[in-house]
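# no FASTA, just this:
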Ligand SMILES: Nc1ncnc2c1ncn2[C@@H]1O[C@H](COP(=O)(O)OP(=O)(O)OP(=O)(O)O)[C@@H](O)[C@H]1O
């Protein structure tokens, strides 16, 4: 899609979005509720129309503001959260629904897909005899049956309970990869995007603010909001002097930033280092971890795989949060020292 714009009542809901989705790849359109993800998907599907911009499938124009290929001829498969299987048709008939070739070819394709999602034995059952997760897999088989070039999926797993969801995500991903369609999956859950995506398009207020592989989006967020979208984050503010940012945790490199610029140093809770108090003193500063700052534990919670410890910092009374693997539960009131790994922090202009 190129320069897609969509307005409702003068408000830009999709703001100049360009995006390319490659065959055999899953792109996740990720963003908070209301940022315009579903509208984007509906425009690609052809059930809504952009105010400007173009859409191409396999390099052929399918829609601009004057020319428009109808939805059913766009070679696009759809799967939504409230995927409804036809209740009066069998599982096999549901999957065969969009196929119009010779009977034996249709039968072979239906069996191939049901086999792939592990439900061939349900071919003559009716949807109500299947669990939610099984119905979901039938819906996937149905959407993929006509070999669409593009699969559009809008929060397809949100109706499923948590434990089921992980398995279905993995299975779905395997089937999508085998079929080789270009997949655009809408989700507001970072975990889902990280799990599914080859490429994440992070969307905010109708715009794609960052596009990249999950690793890069997580480790090189464009701004504080992008960082915060993926996990809890601590922010320490500092002021630039001579390309260095002064903070209670020592200096951070701030190349190219003019003096007196206020910066936000952002650090995820798992990247704070905790050390013990030695009669009012902390560990010695190092080039990797900088200067330690002292805080007092205000809360400590055991979460199973990790523990979350909250500190009130001596330097300004603000709260920082650290996660530590396994069981480390300091008592409330304990003084400890925190350090920030230089290679794990993000430096942004202050908001
Ligand atoms: N037909 C419409 N008329 C007017 N406003 C609309 C219409 N469709 C969507 N909107 C508005 O556009 C904005 C974006 O909606 P959209 O459904 O694309 O967001 P979303 O990112 O998919 O959110 P969610 O995850 O909650 O579904 C919302 O504020 C919504 O109210």
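Thanks, I have the structure now. What you are looking at is a predicted structure, and each value in this text was computed from that prediction instead of being measured.
# C-alpha from now on. contacts and neighbour counts both.
Fine.
# Would you double-check that residue 147 falls in a strand?
No - secondary structure of residue 147 (DSSP: H, G, I helix; E, B strand; the rest coil): coil, not part of a strand.
# ok, it - contacts?
Listed by CA atoms under 8 Å, 6 or more residues apart in numbering, the contact partners of residue 147 are 75, 179, 181.
# Buried subset of those, written for ChimeraX?
Those of the contacts of residue 147 that count as buried under 16 or more other CA atoms under 10 Å are selected in ChimeraX with:
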select :179,181
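# And residue 127, its phi and psi?
Residue 127 adopts backbone torsions of phi -50, psi -40, taken as degrees, to the nearest 10.
# I'd like the distance between it and residue 119.
Residue 127 sits 12 Å away from residue 119, going by CA to CA, to the nearest Å.
# Which residue of those two possesses the greater neighbour count?
residue 127 (22 against 19; other CA atoms under 10 Å).
# Can you get me a residue count around the nearest residue to the more buried one once chain neighbours are set aside?
Nearest in space to residue 127, with sequence neighbours left out and distances taken as CA to CA, 6 or more residues apart in numbering, is residue 87 at 5.8 Å. Using other CA under 10 Å, residue 87 is surrounded by 11 other residues.
# got the contact list for residue 87?
Counted by CA under 8 Å, 6+ apart, residue 87 has contacts 126, 127, 128.
# any idea how far it lies from the ligand?
Between residue 87 and the ligand the computed distance is 26 Å (CA to the nearest ligand atom, to the nearest Å).
# I'd like to know how many residues surround the residue in the stretch 251-351 of the chain positioned nearest to the ligand.
Here the residue of the stretch 251-351 of the chain nearest the ligand is residue 351; by CA to the nearest ligand atom that distance is 23.6 Å. Neighbour count for residue 351, taken as other CA under 10 Å: 9.
# Pull the number of nearby residues for the closest residue to it other than its chain neighbours.
Of all residues not flanking residue 351 in the chain, residue 264 sits nearest, at 7.7 Å (CA to CA, 6+ apart). Residue 264 has 22 neighbours, counted by other CA under 10 Å.
# Residue 264 is in contact with residue 235, isn't it?
Yes - the criterion here is CA atoms under 8 Å, and residue 264 meets it with residue 235 at 6.0 Å.
# show me the contacts for the residue nearest to residue 45 when sequence neighbours are not counted.
Nearest non-adjacent residue to residue 45, counting by CA to CA, 6+ apart: residue 71, 5.8 Å away. Contacts for residue 71 were tallied using CA under 8 Å, 6+ apart; they are 45, 46, 47.
# Can you tell me which of those residues lies closest to residue 320?
Lowest distance from residue 320 to the contacts of residue 71 (CA to CA) belongs to residue 45, with 44.8 Å.
# Could you list the contact residues of the protein toward the ligand?
Contacts of the chain with the ligand, taken as CA under 6 Å from any ligand atom, map to 8, 13, 33, 34, 35, 36, 37, 38, 39, 188.
# can we see that at 5 Å?
Taking CA under 5 Å from any ligand atom as the contact definition, the chain meets the ligand at 8, 33, 34, 35, 36, 37, 38, 39.
# Pull the most distant pair out of those.
Going by CA to CA, the pair spanning the residues of the chain next to the ligand furthest: 8 and 33, at 16.4 Å.
# So for these two, which sits in the more crowded spot?
Neighbour count, other CA under 10 Å: between residue 8 and residue 33, residue 33 has more, with 12 against 9.
# How about that one, nearest residue that isn't a chain neighbour?
Residue 33 sits nearest to residue 188 (CA to CA, 6+ apart), 6.6 Å away.
# Wait, that neighbour touches residue 30, no?
Yes - in this structure residue 188 lies within contact range of residue 30 using CA under 8 Å: 5.3 Å.
# hey, what's the nearest residue to residue 18 once chain neighbours are set aside bridged with?
Once flanking residues are discounted, residue 18 sits nearest to residue 2: 4.3 Å by CA to CA, 6+ apart. Partner residues in beta bridges with residue 2, using DSSP bridges, are residue 54.
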